[in-house]
Every structure is written in structure tokens, then in C-alpha cells.
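**Student:** could you work out the structure for the sequence below:
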Amino acid sequence: MNKSFLYLTILSLLFASCNKEQDPFQIGKQHIGLLTDSTQVKDLEVIYAKDSIAKGIDDTEFTRNFNDIEIFEKGGKKLLIISPRRASDSTSYIQSVRVIDPRYKTDKNLSTLSTFKDIASNYKINRIDNLISSIVITVNDLNASFTIDKKELPANLRFDRTLKIEATHIPDNAKVKFFFVNWSKTD
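**Tutor:** Presented below is the predicted three-dimensional model:
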């Protein structure tokens, strides 16, 4: 009888641990909280039912149907900016997510409050792009891009876009300006 009870207890614990809820602020390669690389725009109302969704629709000549979707907590704090693959299409998949709230973290604690050292110490850097006023660090393990303002770089690296910026050129304490997760699922 005691062995049966012990087996039943162990089995119950195993099933209980399998039903672990998804952390709403955890970032992985294919998800950000409950948002996944297979999420369609129409699913956002269910996923963020307790939050506020602001859909920006603009058909001006300059934005070309750019319609980011902003997610806010009920208290008004901005959490995420979501960009669908196709504008004004509820069946479109999510193309990218800009992480705003620092509570969103990877399993290695990367967030919008991270520094270059945090990125380089925890993930393989696949590419560094030298843009006009920033550099973009791509980490394929996360499908993520981290933008660092060139003001964080030494003065001799700030103005020449033709320079190839290497990881060794970036100060450890350079702060992340923007953090994006990008998904390439086709509609």
C-alpha cells in the first residue's frame, strides 16, 4: 500500500510540473510570453485580454501602411510594440516585436536594461551592423537584434559608416537602446 501511495505521489508531481504556466515576461527564440512566432494579429485580443491594445494605422505617403500595434498594461505602461508582416490584415503573422518593458527577459536575464557585456557574455553575436547613428547587434540564438546608440562608442567610431565594427570595439557598459525579436514566418 505504501509503495502504491509513493508511486501515485511521484506521478502526480510529474504531471503537475508538466503543466507549468508560461511566464508572461519570458523571452525565447519563438516566443515572448504568450506571444509566439505563429501568432496572428487576430489572436492578440485573446492573448492581451487584460491589457490595452492600440493599433496605429497610417496610410500616409511616408509610412506606406505602417501599422504597429502597441500593447499597454491597464495602468498605461507600454509593454511591447508589435509589427505584423502585412498591414491592416488580421490573419497576418507577427514579423517583429520591440520589447519596451524591462520585465521582459531571456532565460539569461537579457532585457532592455542590459549592456553589451550582458549580450556578449551570454550569447554568440552573429553580426554587427554599422548604421548612421547606431549599431545593431544580431543574436540568431534569440532571433533578436539589439540596437546601441553610437554615442556609447569611442569617438573615433561614431561617424564613419564604412568602418567594420567588431565586438572588441564596443565598451562593455554600452547600454541597449532598443531590443527587437524578429520572426520570419511567411503568411
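
**Student:** hey, let's count contacts and neighbours off CA atoms from now on
**Tutor:** Will do.

**Student:** if I look at the residue nearest to Asp141 when sequence neighbours are not counted, how far off is Asn122?
**Tutor:** Closest residue to Asp141 in three dimensions, ignoring its sequence neighbours and counting by C-alpha to C-alpha, 6 or more residues apart in numbering: Lys29, at 6.5 Å. Taking C-alpha to C-alpha, to the nearest Å as the measure, Lys29 falls 14 Å from Asn122.

**Student:** quick one: which of those two has more around it?
**Tutor:** Regarding Lys29 and Asn122, a neighbour count based on other C-alpha atoms under 10 Å identifies Lys29 as having more, with 17 against 12.

**Student:** you'd agree that one is up against Asn143?
**Tutor:** Yes - between Lys29 and Asn143 there is a contact at 5.6 Å, judged by C-alpha atoms under 8 Å.

**Student:** common neighbours of those two, please.
**Tutor:** Common neighbours of Lys29 and Asn143, counting by C-alpha atoms under 8 Å, 6 or more residues apart in numbering, are Val181.

**Student:** give me the contact list for stretch 150-165.
**Tutor:** Taking C-alpha under 8 Å, 6+ apart as the criterion, the residues outside stretch 150-165 that touch it are 128-135, 169-171, 174-175.

**Student:** please redo it, this time with the cut-off set to 7 Å
**Tutor:** The list of residues contacting stretch 150-165 from outside it, by C-alpha atoms under 7 Å, 6 or more residues apart in numbering, reads 128, 130-135, 170-171, 174.

**Student:** and stretch 74-88, by the same measure?
**Tutor:** 41, 51-52, 65-73, 92-101.

**Student:** swap in 8 Å and give it another go.
**Tutor:** Looking at what lies outside stretch 74-88 - C-alpha under 8 Å, 6+ apart - the contacts are 41, 50-52, 57, 65-73, 92-101, 187.

**Student:** next: stretch 90-103.
**Tutor:** Outside stretch 90-103, the residues within contact range by C-alpha under 8 Å, 6+ apart are 25, 37-42, 78-86, 111-113, 178-187.
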